[in-house]
Structures are given as structure tokens and as C-alpha cells.
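# model this:
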Amino acid sequence: MLDIFDILGPIMVGPSSSHTAGAVRIGNMARSLLGGEPKTAKIGLHGSFAETGPGHGTDRALVAGLLGMRPDDLRIPRSFELAEKEGLEVSFHKVELKEAHPNTAVLRVSDENGRTLELQAASTGGGRIRVDALDGIHVNFTGIFNTLVIRSIDVPGKLAEVTWILEHGNVNIANMNLWRAKRGGSVLMVIETDEKVSPKVRTLIGELEDVTGVTYYEREDA
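Presented below is the predicted three-dimensional model:
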């Protein structure tokens, strides 16, 4: 069943929901999951993003998202200028990815404290996005829900501890996935929630033994 968003598309600045609104959301997702203000960004453009993206403002939209803008922000066309003022260094290059959506970007971002993130995401139409990889790990989530990304060591009971904290913080889990490279290695948990996850709850999760990082994306209408 179609909803009003499918029919009308997002409220946005720019000529194309896929190339502009979706690109802003990809940039904003990278900023949120980095967990800090990005200072450098190397952005690879694949497929249609690489061929026609600059004409549709995709490059400016990705930078706008990295600066924390939303798709309806009137400053999007000036994002390059604003990035320079805020000390964000950005470079673009073409990439060729196997079996990737034609509107795909790969963002390698870092903040002033040395934290880094590599995110591969696609703009799938109507302003929607899909995150396909985080730091080389294949994932699948969209940003439709509030999203926790938790990194930890693979030890028994860690997932149960995380869900216990969410339960007692009155946070309902909508979707949950876990990826690990090998037994006993690192684990990436992606937990999508109906409610906002408060800073207190995120801090409690981050203080758990063997948890190495917690970042959070809050959906636009939350």
C-alpha cells in the first residue's frame, strides 16, 4: 500500500529526491554514526551518482548532510562554502561497485579525535536510503527508525544486557541484527527502535563491559 510519502515525495531543496534528498540523508547518517563532527570526508560516487550526480547537486547534498542539514534546509546549495568555513575537508572520486544500487556513495569520514567511519549507502528513491555496509561489514538498515549501532567484543550474554537496558528505558525494539567477523572477535549490533533512545540509556549501554562504541541515528520525525 502506498502512503502519502510515496505519492508526493519528501519536503526538500533540490531537483531530485534520489540525487538530493536521499544524498542529504546519507551524509547525515554518516555524521550521526561517526559520533562526532566530521573534519575530513573522502566520498566515492558510483553509477548514476557519479555520472549525473553533480548536475543534480548530489555532491552538495552529501556535504550538507555531513554538516548536519536535513533535506529541506535552504542552505544546501551553499554547503561547499559552509564546509570550508567549518573546516570540513571534502574530496570526491568515482568508484565502481559490484551489484550496488546505481545511486550509491561510499563515505570515509573522520573527526578531530581520530575516530573514523566508512559507510556505503544507496538512495533508493523518494528520498529514502539504505545503508549497505559499515566499516566493511555488510548491513541492511534504512534510517526509517531510530537506530543504535553498537560495537562490542563477541562474548556470551552481551546482547541480553543491551536489550535489558532498552527494556528498562521504555524503548521498544522494532528490528535487530547482529554481525560478527568470527567467533570471539568483534560484533556489530544494529538495533532499530520505535522510541527515541535517551542519552542516559545510550551511556548505560556504552558503559557495559566489552562494549567498544555506541553511536545513534535519530529519525527526522522523531
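# Residue 179 versus the residue of the chain most remote from its centre, what's the distance?
Residue farthest from the centre of the chain, counting by CA atoms, centre = their mean, is residue 156 at 27.9 Å. When CB to CB, to the nearest Å is the yardstick, residue 156 and residue 179 sit 17 Å from each other. Where C-beta positions appear, they are placed from N, C-alpha and C, glycine not excepted.
# re the thing from before, tell me which element the residue farthest from the centre of the chain falls in.
Taking DSSP states H and E as the criterion, no element holds residue 156; it sits outside all helices and strands.
# what do you get for the one 10 residues further on?
Using DSSP H and E, residue 166 sits in helix 158-168.
# Packing partners of the longest helix along the chain?
For the chain, the helix with the greatest residue count under DSSP state H is helix 22-34. The helices and strands touching helix 22-34, judged by 3 or more CB pairs under 8 Å, 6 or more residues apart in numbering; DSSP states H and E, are strand 38-47, helix 58-66, strand 103-111, strand 116-125, strand 128-134, strand 211-217.
# which residues touch the residue nearest the centre of the chain?
Centrality entry for the chain: nearest residue to the mean C-alpha point is residue 29, 2.4 Å, by CA atoms, centre = their mean. Counting by CB atoms under 8 Å, 6 or more residues apart in numbering, residue 29 makes contact with 65, 119, 121, 129, 131, 143, 217.
# 6 Å instead?
Residues near residue 29 by CB atoms under 6 Å, 6 or more residues apart in numbering: 143, 217.
# ok, so what distance separates it from residue 93?
With distances taken as CB to CB, residue 29 is found 20 Å from residue 93.
# same check, this time on residue 145
Taking CB to CB as the measure, residue 145 and residue 93 are separated by 32 Å.
# Likewise for residue 116?
Taking CB to CB as the criterion, residue 116 is separated from residue 93 by 17 Å.
# Between these two, which is the more surrounded one?
When neighbours are counted by other CB atoms under 10 Å, residue 116 comes out ahead of the other of residue 116 and residue 93, with 13 against 10.
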